[in-house]
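> got a predicted structure here, sequence first:
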Amino acid sequence: MTFSSISFIYLYLPLAIIIFRLTPAHRRVACLTLLSWCYYLLASVPAALILAANCLLDFVLLSFLELYLARCPDKPVGYLAFAAKAVVVQILVMAYSHWSPGASLGGFVYTATLIGYLWDHSRGKAGYFRSFWDYALFTTFFAKSYLGPVVRYDRFVPQFSQLRSSATLISRGAVQFVIGLAKKVIIADGAVILYQELASLPVEEYTFFSAWMLVFAAAMAIFFTISAYGDMARGLCSIFSLEVPRVIYYPYQAKSVVECVSRINMPLYDLVVEIVSGSAERIRQLRRYRHADTRELIAVLAGVVVVGIWFDPVPQVLLWAGFLFLMVLAERYLYFWLFRYIPGLLQSAVTFGLFLFSLAPLVLSQFSNTGDLISVLLGFSAQRMISDETSYYLASNYLVILLSLLFFTSLADRLTGFLSKKFPVASEWVIAVFNGSLLILTTALLV
């Protein structure tokens, strides 16, 4: 069972909402936790057992950490040992998932959330968990099980004391969830199909246009998959009166490579850069390379690696990270000064082109063909601009391409916001009809 399955949309979610509304306010944290574990059981039994065992063990270990810190408050060894244990367990779970698909569901988000908590606690920004249910909901809430977002203690846990259920929150969350569901089923899945079709071509048959369409399709699949799950997560959280941060915010209209990567998974990237650089205040400045020192550039590399592994844990991610980091260095030390003289739209276009080019190590299943693909992308080896196979694939997926071009920037969001301010009443009706139609269309595609 996944968020985009009929059983989740029309059976599990309505039943979960009813149970949540009928539960007394002081029991709703435990209720949401149990509902989350029920979801994991229905989605993947190994994942449910691993998460439950990990959660119980770590809650006990947190008590020992409290005792250790009471005796040795100035020694960070306890935090480091706890974080190392979490990373090792996650690596073992990822290895086990090759034999048991689905076993890693929620695991990466759990580990990142726990490490973020340990970091915040070491900085005095998080307290101890006195309730197991609070800790379990903080780390294993099912809404953020797939692609996050990674939440922080000071912004998420205080909401537990104010859990409520209202028609306004449910309707607002349902709209957000349906938008994410439509992105996943209509655009993201279509972009994945286009990417797989283009990737199936022998590398010697790639033309200049088909090679660039391959990395474009991969970029659209990445963006709309993450955006879809992020919207669904925020919608589900809103239904249960919780707020979480955005996962992704239009990375392909960023004005620098670092800013582009930082927008792909903003909560996770910010956490990694904050831990490595030791500063939360300089993250925004770092995205624009203002006074970045060596340690902060290393933090950028760490952020790129973690974001890549989080999305697709394959060996090529390390090469992609290194490839992208070379672009970061070139941007920082060679040509970034030129950006002050060119329009913002052109800056975004250059950054988008560089990001597409950086995907070359990731898009082919055989690593040995990466050099040939890069040569075609640069126009050195391409014999033709376009082939008959490419024309056929593009014609078969023209609707996905058009929708991707329409929604991969914030233009549609800005237009919707403008119309909502100008015509609030009419906009509400239009949005209601539009989302109802989206749900019907998405359901038809799922059946």
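On my side now, so go ahead. This one's a predicted model, so the numbers in the text were calculated from it and none came from an experiment.

> any idea how far Tyr79 is from Glu66?
To Glu66, Tyr79 is 12 Å away according to Cβ to Cβ, to the nearest Å. No exception for glycine: its C-beta is placed from N, CA and C like everyone else's.

> give me the more crowded residue out of these two.
Shown here are Tyr79 and Glu66; by other Cβ atoms under 10 Å, Tyr79 has more neighbours (17 against 13).

> name the element that one belongs to?
Applying DSSP states H and E as the criterion places Tyr79 in helix 77-96.

> low-confidence regions, the stretch 201-350 of the chain specifically.
Applying pLDDT under 70 to the stretch 201-350 of the chain flags the ranges 279-296, 311, 313.

> could I get the full set of strands for it?
With DSSP state E, counting those that start in this stretch as the criterion, the stretch 201-350 of the chain has no strands.

> show me where it has its helices.
Applying DSSP state H, counting those that start in this stretch to the stretch 201-350 of the chain gives helices spanning 208-239, 257-262, 266-277, 283-287, 294-311, 316-330, 344-358.

> list the buried ones in the second one?
It refers to helix 257-262. Going by neighbour count (16 or more other Cβ atoms under 10 Å), the buried part of helix 257-262 is 257-262.

> again with the fifth one
Residues 296-297, 299-308, 310-311 are the ones in helix 294-311 that count as buried (16+ other Cβ under 10 Å).

> one more: the last one?
When burial is assessed from 16+ other Cβ under 10 Å, helix 344-358 yields the following buried residues: 347-348, 350-352, 354-358.

> so what does it touch, helix or strand wise?
Helix 344-358 sits against helix 208-239, helix 257-262, helix 316-330, with contacts defined as 3 or more Cβ pairs under 8 Å, 6 or more residues apart in numbering; DSSP states H and E.

> what angle separates the first one from helix 344-358?
Angular relation of helix 208-239 and helix 344-358 on a 0 to 180 degree scale: 100 degrees, by axes from the mean of the first three to the mean of the last three Cα atoms, to 10 degrees.

> and for the last one?
Here helix 316-330 runs at 140 degrees with respect to helix 344-358, directions being taken by the same axes, to 10 degrees.

> start and end of stretch 24-33, how far apart?
14 Å (Cα to Cα, to the nearest Å).

> so for that stretch, what's the average pLDDT?
Stretch 24-33 comes out with an average pLDDT of 92.

> which of the residues in that stretch are buried?
Neighbour-count burial for stretch 24-33 [16+ other Cβ under 10 Å]: 28-33.

> how about stretch 56-69?
Residues 58-59, 62, 65, 68-69 are the ones in stretch 56-69 that count as buried (16+ other Cβ under 10 Å).

> which of the residues you listed fall in helices?
Using DSSP state H, the members of these that fall within helices are 58-59, 62, 65, 68-69.

> gap between Phe138 and Leu56?
From Phe138 to Leu56 the distance is 14 Å (Cβ to Cβ).

> roughly how far does Lys125 sit from Val77?
Separation of Lys125 from Val77 (Cβ to Cβ): 20 Å.

> more crowded one of those two?
Shown here are Lys125 and Val77; by other Cβ under 10 Å, Lys125 has more neighbours (13 against 9).

> for burial, what's the neighbour tally of the nearest residue to the more buried one once chain neighbours are set aside?
Closest residue to Lys125 apart from its sequence neighbours, by Cβ to Cβ, 6 or more residues apart in numbering: Asp154 at 5.4 Å. The number of residues packed near Asp154 is 11, by other Cβ under 10 Å.
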